[in-house]
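what follows is a predicted structure for the sequence shown.
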Amino acid sequence: MDLGTACEPFYQPLNNEQALFEQAWRHGMPVLIKGPTGCGKTRFVQHMANRLDLPLHTVACHDDLSAADLIGRHLIGAQGTWWQDGPLTRAVREGGICYLDEVVEARQDTVVVLHPWPTAVASCSWNAPAKCRGRRRPSCWWCPITPATRTCSRA
């Protein structure tokens, strides 16, 4: 066995959770997975990201997590000012999954920024061109959004 190659994370389905997750993904719906510690929530999300061939961005939420930690921020350096994507924005740009582990631990002012994201991303409503507007994932999920202008760069 070659240890250098990544293999699919083992997951034993219990019911139809894989089909439900895939259906939610196709329709651009967010998914909330709830369960006790150690029941396999993280493993399930890793498995589904692998199964759907999507990048996975995992955020370990905590009480010091800010909205900028999720979405991104402008940084200042010797070369000037630039935008640094957060994991939520990277997941949107790459068409991936953003897994917010222990999201109940995040502050309320951080969690509130999550509410508009599924709708905004699914409808590609950030001043996107007409051919993008109104389409749902997966076609619009991969639409590259430029944070500075909040426009879709797909022609």
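Okay, I see it.

which SSE is Asp53 in?
Assigned by DSSP states H and E, Asp53 belongs to no helix or strand.

contacting residues for the spatially closest residue to Gln84 that is not a sequence neighbour?
In space, and not counting its chain neighbours, Gln84 is closest to Leu75: 5.1 Å by Cβ to Cβ, 6 or more residues apart in numbering. The C-beta positions use only the backbone N, C-alpha and C, and glycine is treated the same way. Counting by Cβ atoms under 8 Å, 6 or more residues apart in numbering, Leu75 touches 81-84.

taking the residues you listed one by one, which sit in strands?
If you go by DSSP state E, the contacts of Leu75 have 81-84 in strands.

which one among those residues gets closest to Leu54?
Closest to Leu54 out of the ones in strands among the contacts of Leu75 is Gln84 (21.9 Å), distances taken as Cβ to Cβ.

tell me what the residue most central in space within the chain is bridged to.
Nearest residue to the geometric centre of the chain (Cα atoms, centre = their mean): Cys98, 2.8 Å. On the basis of DSSP bridges, Cys98 is bridged to His57.

picking up where we left off before, just give me the closest of the contacts of Leu75 to Gln12.
Nearest to Gln12, judged by Cβ to Cβ, of the contacts of Leu75 is Gln84 at 38.3 Å.

which residues touch the closest one?
The contact partners of Gln84, by Cβ under 8 Å, 6+ apart, come to 72-75.

could you do Ala24 as well?
By Cβ under 8 Å, 6+ apart, the neighbours of Ala24 are 30-31.
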